[in-house]
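Visitor: Next come a sequence and a model predicted from it.
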Amino acid sequence: MTKSEVPKAPKAFVIGWPIEQSKSPLIHGHWLKQHGLAGSYEKIAVEPQDLEKFVGSLRDQTFVGGNVTIPHKQAVLAHVDVIHDTAKRLGAANTLWFEGDKLHADNTDGYGFLANLDQRAPGWDAKQGAHALVIGAGGAARPIIDGLINRNFKKVTLVNRTRARAEELQQLFAALGFADRVMVEDWDNLDPALVGKDLLVNTSSLGMVGQPALEIDLDALPTSALVTDIIYNPLETDLLAVASIRGNRVVDGLGMLLHQAVPGFEHWFGTRPAVTDGLRTRILEA
């Protein structure tokens, strides 16, 4: 084998605009080192008008695939060869990889959300006919609702500051055949809407460092309910702190970020990594 024939180490990426805040290189770098694998993972700033050109150049740049974040998750679907079912349902992808000559796209955000709860709160989805309340109707809410439907939640109630945006999301799931399972409640009715819920999920930015607080009174929420927040800065939001004090099980949002990265790493580098306390510590220290 000549030097030019030596297989090159796999290269992967994350693209977004902006991209400086991405923790993905830390996650994948940790796994590459842990497993002793040759390979690299880099973050690349790609402006929206340059997305098509970038995706079209992946082969020439010898990338094996990568992650896609805001604002490219929806637009990237126009530039791939194979769209997997979850990405097709949600109209958005966060993970790309090559199989032969075909560029594949899928969405692992919902998987990351579910895997985080499975790891941190085993049995959280055991109840038959469970009812969830989801706060927020942004990009994160879509895969989370999809995941809850796939875990056989009977009802998902969606509450958003702008009702029209929540109704758009409701209509998306109605078009998929779930009109009877996704409902919308007014923001002013957030507190009373907690009655009888088995799961409370904050998918909004409220409570994040630098953002307004999430103003919510948990008195009506059963103490048997699980409370989770996709925010991980701070790791323990006010929502989680209050819920924990009153006796609810709580799960922070860091694990969703970590677990959503697992399928991509396996596609690109051929090894399925685990989300461990060591990885959590590494990301928190950073």
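Guide: Looks like it arrived, so ask away.
Visitor: Tell me if Val156 really is in a strand.
Guide: Yes - applying DSSP: H, G, I helix; E, B strand; the rest coil, one finds Val156 inside a strand.
Visitor: could you pull out the strands for the stretch 101-250 of the chain?
Guide: Counting by DSSP state E, counting those that start in this stretch, the stretch 101-250 of the chain has strands at residues 102-106, 131-135, 155-159, 182-185, 199-202, 226-229, 249-251.
Visitor: Check which helices and strands the fifth one sits against.
Guide: If you count contacts as 3 or more CB pairs under 8 Å, 6 or more residues apart in numbering; DSSP states H and E, strand 199-202 packs onto strand 131-135, strand 226-229. Glycine gets a C-beta too; all of them are placed from N, C-alpha and C.
Visitor: now, of these, which is deepest in the fold?
Guide: Of the helices and strands packed on strand 199-202, the one with the most neighbours on average (mean count of other CB atoms under 10 Å) is strand 226-229, at a mean of 26.
Visitor: which helices and strands does that strand pack with?
Guide: Going by 3+ CB pairs under 8 Å, 6+ apart, strand 226-229 lies up against helix 109-120, strand 199-202, helix 238-245, strand 249-251.
Visitor: Show me what it is in contact with.
Guide: Where contact means CB atoms under 8 Å, 6 or more residues apart in numbering, the residues beyond strand 226-229 that reach it are 116-117, 121, 124, 198-202, 207, 218, 221, 237, 239-240, 243, 248-253.
Visitor: likewise stretch 261-277?
Guide: Contact with stretch 261-277 is made by 10, 12, 24, 27-28, 31-32, 34-35, 37, 39, 64-67, 95, 97, 106, 108, 111-112, 115, 119, 255, 258-259, as judged by CB under 8 Å, 6+ apart.
Visitor: if we go to 6 Å?
Guide: The contact list for stretch 261-277 (CB atoms under 6 Å, 6 or more residues apart in numbering) reads 10, 12, 27-28, 31, 35, 37, 39, 64-65, 67, 95, 97, 108, 258-259.
Visitor: Ignoring the adjacent residues along the chain, who's closest to the residue nearest the centre of the chain?
Guide: For the chain, Asp109 is the residue whose C-alpha lies nearest the centre (CA atoms, centre = their mean; 2.9 Å). Excluding its sequence neighbours, the residue lying closest to Asp109 (CB to CB, 6 or more residues apart in numbering) is Pro143, at 3.9 Å.
Visitor: Phi, psi for Asp180 please.
Guide: The phi/psi pair for Asp180 (degrees, to the nearest 10) reads phi -90, psi 0.
Visitor: for Val14, that is, sorry about that
Guide: Dihedral angles (degrees, to the nearest 10) for Val14: phi -130, psi 130.
Visitor: Check Thr69 too.
Guide: Residue torsions, per degrees, to the nearest 10, at Thr69 are phi -130, psi -170.
Visitor: Just the pLDDT for the residue lying closest to it once chain neighbours are set aside.
Guide: Once flanking residues are discounted, Thr69 sits nearest to Gly16: 3.9 Å by CB to CB, 6+ apart. Residue-level confidence at Gly16 comes out at 96, pLDDT.
Visitor: now do Gln171
Guide: For Gln171, the predicted pLDDT is 97.
Visitor: Okay, now the unreliable bits of the stretch 1-150 of the chain?
Guide: 1-7 (pLDDT under 70).
Visitor: that older thread, from Gly66, how far off is the residue nearest to Thr69?
Guide: 11 Å (CB to CB, to the nearest Å).
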